[in-house]
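Chemist: requesting a structural model of the entry that follows:
(chains A, B, C and D)
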Protein chains: 2
Amino acid sequence: MKVRTAPARKRSSGGLPKRGPAPRDDRNGARRGDTTRLAILNAAERCFGEGGFDGVSLRTITEVAGVDLALANYHFGSKDNLLREVIARRARIVHDERIRALEEARRLAGARSPSVEAIVTAFLEPLLRRLINRDQGWQHYASLVSQLDISPKFTVLTGDVLDPTALHFINALRLALPKAAPRAIYWGYMFLLGSMVQVMSATGRIERLSHGVCESDDIASALRELVPFVSGGLRALQTAPR
Amino acid sequence: MKVRTAPARKRSSGGLPKRGPAPRDDRNGARRGDTTRLAILNAAERCFGEGGFDGVSLRTITEVAGVDLALANYHFGSKDNLLREVIARRARIVHDERIRALEEARRLAGARSPSVEAIVTAFLEPLLRRLINRDQGWQHYASLVSQLDISPKFTVLTGDVLDPTALHFINALRLALPKAAPRAIYWGYMFLLGSMVQVMSATGRIERLSHGVCESDDIASALRELVPFVSGGLRALQTAPR
DNA sequence: TACGGATTTCAACATTCAATGAAATATAAT
DNA sequence: ATTATATTTCATTGAATGTTGAAATCCGTA
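Modeler: Coordinates of the predicted model:
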């Protein structure tokens, strides 16, 4: 009589015998539990984005997803891992598209360096375009990433996601701003990140401040201000500090 | 025989009969529980700053403070209220000092408007100066405020704290940048906030990105880049968008 | 149709959580 | 010293947390 408890799942590495779906061999075969997986992923994205990682329980998430509580651990192993997969799903897409946009900007610029505006736009557009289109999944993702980006606890996680992209754009900015010190470029990139995060984490504060002149979810309008702001700010770094 | 359970504490408003220290009538009389209160306040500040509000329990906080668990609720009523008091304690100081710095900038400028740099500096310095001095309490406070600023859950709380200050500086910026549209000013202020938050939430990412060229806790260096960046960005808003 | 693995369900586990009640102690005023 | 109040301690509440067995169900395949 077999024990039947551990279907030989091989987790990411060093796997202790745990349960969970078998590893995915071919990349297009849809499986039975995939709709469940997706439902949990989407619910987690929404809940994490609204309440933060620690502010939301797996019970709430699976309830929103309309599935049994135990399925979260079956499909994702742990709450931490669920967060990782929520992030990874969209981070890949943004990263690829940013790199492609940067290459396209380089192509258009020919032999010279792309303008600061072009570089900044290549960085901002891939994500913000989704928010302009009011894609709810992306909105929750943006809110979540913003929160993780600020929390010291999650530096490792967000670093793995954001840092590879960062280096490409920092190099591009270095070429576009030859007179700026390296230190200035690094901090400038952080400021770019911070300004973007402020746009993405639609907390509704700007409505109160502006008495309705601006709206948190009018990302298109925000982007029209954000690109010149960041570009002008980066250019100012060339001359200002001794 | 009296019941002795409710020492007639009047809570902030509509008070149900709860326990807790009596209201403070005169403003200089130190009381017995004040050292406990302070210990909890400081421990909460540190823990919230490192782990986030939902990521830290009252147990951890009181343990760090070296006091009994029940004292947290005795002195602060609830975890939410503890957070509010942690914020309020330092927020008042920063607000007052920012307003004073702005008035000083106005005085120095005479009849004309202060420069954008002066306004931005008046906003940034009061808080960042404490971080430059490596004041640990302020460091934790800054990290905490940064996280709350991004979380949709805490918009009301951070709004009450930050918005009054904001309006003063938005008005000042409007005068300093007469050609900028109001919409641009409001967004510009948000970008200023975002860039500052990125400096305050020392997640250590910039070390990794720059391979040690920049350091998260070298706030003085960051400030030297931040002021020209934000000022240049704000100025760019005057001309750029149609 | 029967087998076997993948998925789902159900019921718990052991902790941990914020909050409170009531008794004990400390402190100041009388 | 006595009384009243402020503070601290201790024990416990009921609910919520992430995680895990073990059985039940589903479904493609032999």
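Chemist: which residues of chain A lie near DNA strand C?
Modeler: Residues of chain A that fall close to DNA strand C, judged by C-beta under 7 Å from any atom of the strand: A:2, A:4, A:7-8, A:19, A:21-22, A:31-36, A:67-71, A:74-75. Where you see a C-beta, it was placed from the backbone N, CA and C, and this is true even at glycine.
Chemist: could you list the domains of chain A?
Modeler: Domain assignment for chain A, taken from automatic domain parsing, gives A:34-76, A:87-239.
Chemist: indicate which one of these is closest to residue B:140.
Modeler: The closest of these to residue B:140 is domain A:87-239. By C-beta to C-beta, the value is 10.2 Å.
Chemist: let me see the mean pLDDT of that closest one.
Modeler: For domain A:87-239, mean pLDDT rounds to 96.
Chemist: ends of it, how far apart?
Modeler: End-to-end span of domain A:87-239 (C-alpha to C-alpha, to the nearest Å): 38 Å.
Chemist: stretch A:71-88 too?
Modeler: 20 Å.
Chemist: does that stretch reach chain B?
Modeler: No: Stretch A:71-88 does not reach chain B (C-beta under 8 Å from any C-beta of the partner chain); its nearest approach is 12.4 Å.
Chemist: ok, and what's touching that stretch?
Modeler: A:11, A:18-21, A:33, A:36-37, A:40-41, A:44-45, A:48, A:53, A:58, A:61-62, A:141, A:144-145, A:148, A:157-158, A:161 (C-beta atoms under 8 Å, 6 or more residues apart in numbering or on different chains).
Chemist: DNA strand D versus residue A:150, what's the distance?
Modeler: 20 Å (C-beta to the nearest atom of the strand, to the nearest Å).
Chemist: which residues does that residue contact?
Modeler: With C-beta under 8 Å, 6+ apart, residue A:150 has these contacts: A:197, B:146-147, B:149-150, B:197, B:201, B:203.
Chemist: how about residue A:133?
Modeler: Per C-beta under 8 Å, 6+ apart, neighbours of residue A:133: none.
Chemist: in the top helix by length along chain A, what's buried?
Modeler: Longest helix in chain A, counting residues (DSSP state H): helix A:79-109. Buried residues in helix A:79-109, counted by 16 or more other C-beta atoms under 10 Å in any protein chain shown: A:79, A:81-87, A:90-91, A:94-95, A:97-99, A:101-102, A:105-106.
Chemist: what's the closest of the contacts of residue A:150 to residue B:113?
Modeler: Using C-beta to C-beta, residue B:197 is the member of the contacts of residue A:150 that sits closest to residue B:113, with 26.2 Å.
Chemist: once you drop chain neighbours, what's closest to that closest one?
Modeler: Spatially, and ignoring its direct neighbours in sequence, residue B:197 is nearest to residue B:146 (4.4 Å; C-beta to C-beta, 6 or more residues apart in numbering or on different chains).
Chemist: can you give me the distance of that neighbour to DNA strand D?
Modeler: Residue B:146 is 24 Å from DNA strand D, by C-beta to the nearest atom of the strand.
Chemist: hmm, stretch A:61-73 touching DNA strand D?
Modeler: Yes: using C-beta under 7 Å from any atom of the strand, we find that stretch A:61-73 touches DNA strand D at A:69-70, A:72-73.
Chemist: let me know the secondary structure of residue A:178.
Modeler: Counting by DSSP: H, G, I helix; E, B strand; the rest coil, the backbone at residue A:178 sits in coil.
Chemist: just the helices in chain A please.
Modeler: Counting by DSSP H, the helices of chain A are A:34-51, A:58-65, A:70-76, A:79-109, A:116-132, A:136-150, A:155-176, A:182-200, A:205-210, A:219-239.
Chemist: for these, which one ends up most surrounded?
Modeler: Mean neighbour count (mean count of other C-beta atoms under 10 Å in any protein chain shown) peaks for helix A:182-200 among those, with a mean of 25.
Chemist: now for it, which elements pack on it?
Modeler: Under the contact definition 3 or more C-beta pairs under 8 Å, 6 or more residues apart in numbering or on different chains; DSSP states H and E, helix A:182-200 sits against helix A:116-132, helix A:136-150, helix A:155-176, helix A:219-239, helix B:182-200, helix B:205-210, helix B:219-239.
Chemist: that concludes my questions; thank you for your assistance.
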